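S.K.: Mind folding the following:
(chains A and B)
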Amino acid sequence: MIILRIENLNVFYGDFQAIRNVSLEIPQGSVVSLIGANGAGKSTLLKAVSGLQKPAAGKITYSGADITGLSPDKIVAAGISMVPEGGRVFPRLTVLENLLVGSYTPKARKKRNTLLEKVYELFPRLAERSRQLANSLSGGERQMLAIGRALMSDPRLILFDEISLGLAPRVIKDIYQRIKEINRTGTTIVLVEQDVKRSLKASEKSYVLLEGKVVLAGRSKELSEEEVRKAYFGL
Amino acid sequence: MLQSVINGILLGGLYAVIGIGMSMIFGIMRLTNLAHGDLMILVSYLAAVTISLFGLPPLLTLVLVIPLMFFVGFVIQSSLLNRVLGKGMEPPLLVTFGLSIILQNALLIVFTPDAKTLTNPLATKYFALGGNLTVPVIYLLDFLMGLAVIIALSQFFQRTYLGRAIRAASDDEGAAQLMGISTKRIYSYAMGIAMVTAAVAGVLVGMTFTFYPYTGTQYLIIAFGVVVIGGLGNMIGTLVAGMILGLAQLLGAYFFGAGFQLLFGYVVLLVVLAVRPQGIFAR
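M.R.: The predicted model follows:
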């Protein structure tokens, strides 16, 4: 079953076209990666799905319902959550408050205690630091908090934007391990990455974007690193 | 002099309520509400009308003006200010400036330029403290109400979903949207709440001092002072800033005569701006 389907999507920033006729399919329960260089349109694609950027044309279908152009709050309520680039935790809120804000939608609010337990189980470090302000956390802890916060909305699909950017290799490995655990509970994952090797290893399906277009797509196992790298640079 | 100190501190509570609404709004959406003082004076007039219609004691008018002003704030934000947010500094500033002019002139037309006050028995009562010292009951009421508003607001921001959502939106609007928070609606609630503080301030000011259609500007400047001295969005800072401003004014009046009262408030303001422009209590 396809949980998210994007058909002929076009997104503009003013005159600049960031996404050109992109179509893709995310199977339910899978891990799919979007690979591409800076400015290839990966982040824009995620923004269009999460409602932060309105597409000019095309259609986004989630669980069979058309969600094209809906506001972000409706999309979160529908079950799509995003971990933005750099985490963007709320610096002047405590760790616990950040997590509680994550369960803002009425549906998530009712389950917030169960959700909070799950997040603390996944990231015990966050439980230890629950009373600390988010801006006192290390880079890796912030990223964990951003993931925990996204989980607090009880999503069925999570979009991760450049999750490993600026983190130490050991921390990245740890975070990818947790993403795998999240996926194991049935949550569908979309990863945006620049690291080709890691993307292919972590996902079942990959799309390579170049200048706003899909230039290569396939099962991650069947794609060679060489092939992906060529598509990545447009060679 | 001790009398001036007592009065100054107590008056500080009132100044804190005058400033807190503006501080909140600036802290949350970087919006300077130039109509804040006029909206407050509008409340003073509304309270006066309520008193003459229903014969209520002044404090009880709060039951009516608080919900009314919440609604007014919500509508102003959702129908006017949300349209101009994110379009640079000037458009929202111009909208609130326009609102201020309209309010002042509307008050002038409807209520004439005559001085008004919310007559109440508290205004002339004193507690004697021994010596020649007294505590004016109305100032004490101002202080206690100010304290109550500040405590209630900080509890609201710490403990409720809406309060936390407002703080989240002020930290990072885009990230807040990703949490399912409709930030425009949140801003409308925030303005409603700011107007609730203006409602309390308006009634207290009306009970403590006389007011005219143009008095709003004078209180806008006090509100600015409180925001600058206290630092943004800091509840305790706002309370202490109110006291500093009250003390500066009344001590200035004590040493140099009543004509210097306002001047000394501004001197403190300028000193803070020169030495610590982010506010004394800013983090």
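
S.K.: Buried residues, the lengthiest helix in chain A. List them.
M.R.: In chain A, taking DSSP state H as the definition, the longest helix is helix A:169-184. By 16 or more other C-beta atoms under 10 Å in any protein chain shown, the buried positions in helix A:169-184 come out as A:171-172, A:174-176, A:178-179, A:182-183. Every residue, glycine included, has its C-beta placed from N, CA and C.

S.K.: tell me the average confidence for it?
M.R.: In this model, helix A:169-184 has an average pLDDT of 94.

S.K.: So A:Gly41 is in contact with A:Ala18, correct?
M.R.: Yes - counting by C-beta atoms under 8 Å, A:Ala18 is a contact partner of A:Gly41 at 4.9 Å.

S.K.: okay, these two: which has more neighbours?
M.R.: A:Gly41 (25 against 21; other C-beta atoms under 10 Å in any protein chain shown).

S.K.: May I have the residues that are in contact with A:Asn98?
M.R.: Neighbour list for A:Asn98: A:89-90, A:134, A:145, A:148-149, B:168 [criterion: C-beta atoms under 8 Å, 6 or more residues apart in numbering or on different chains].

S.K.: was I right about B:Ile181 contacting B:Arg167?
M.R.: No - with contact defined as C-beta under 8 Å, B:Ile181 does not reach B:Arg167; the gap is 10.8 Å.

S.K.: More neighbours: which of those two?
M.R.: For B:Ile181 versus B:Arg167, the count of surrounding residues by other C-beta under 10 Å is larger for B:Ile181: 25 against 21.

S.K.: The more buried one sits in which helix or strand?
M.R.: Assigned by DSSP states H and E, B:Ile181 falls within no helix or strand.

S.K.: Give me the pLDDT value at it.
M.R.: The per-residue pLDDT reported for B:Ile181 equals 95.

S.K.: Grab the nearest non-local neighbour of it.
M.R.: Closest residue in space to B:Ile181, ignoring its immediate chain neighbours: B:Ala165 at 4.9 Å, by C-beta to C-beta, 6 or more residues apart in numbering or on different chains.

S.K.: what sits against the one you found?
M.R.: Contact partners of B:Ala165, counting by C-beta under 8 Å, 6+ apart, are A:101, A:104, B:176, B:179, B:181, B:186.

S.K.: Dump the residues you listed to CSV, plus distance to B:Thr32.
M.R.: Below are the contacts of B:Ala165 laid out as CSV (distance: C-beta to C-beta, whole Å):
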residue, distance to B:Thr32
A:Val101, 26
A:Tyr104, 28
B:Ala176, 21
B:Met179, 27
B:Ile181, 23
B:Ile186, 19
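
S.K.: Looking at those, which one is closest to B:Leu11?
M.R.: Lowest distance from B:Leu11 to the contacts of B:Ala165 (C-beta to C-beta) belongs to B:Ile186, with 32.8 Å.

S.K.: Residue numbers of chain A in contact with chain B?
M.R.: Within chain A, the positions adjacent to chain B are A:50-52, A:71-73, A:76-77, A:81-82, A:84, A:88-93, A:97-98, A:100-102, A:104-105, A:108-109, A:149, A:153 by C-beta under 8 Å from any C-beta of the partner chain.

S.K.: Show me where chain A has its helices.
M.R.: Assigned by DSSP H, chain A shows helices spanning A:42-50, A:72-78, A:95-102, A:106-110, A:112-122, A:124-128, A:139-151, A:169-184, A:196-202, A:225-233.

S.K.: what sits up against the fourth one?
M.R.: It refers to helix A:106-110. Contact with helix A:106-110 is made by A:77, A:102-103, A:115, A:152-154, B:161, B:180, as judged by C-beta under 8 Å, 6+ apart.

S.K.: picking up where we left off before, most neighbours among the contacts of A:Asn98, please name it.
M.R.: Tallying neighbours with other C-beta under 10 Å puts A:Arg149 at the head of the contacts of A:Asn98, with 30 neighbours.
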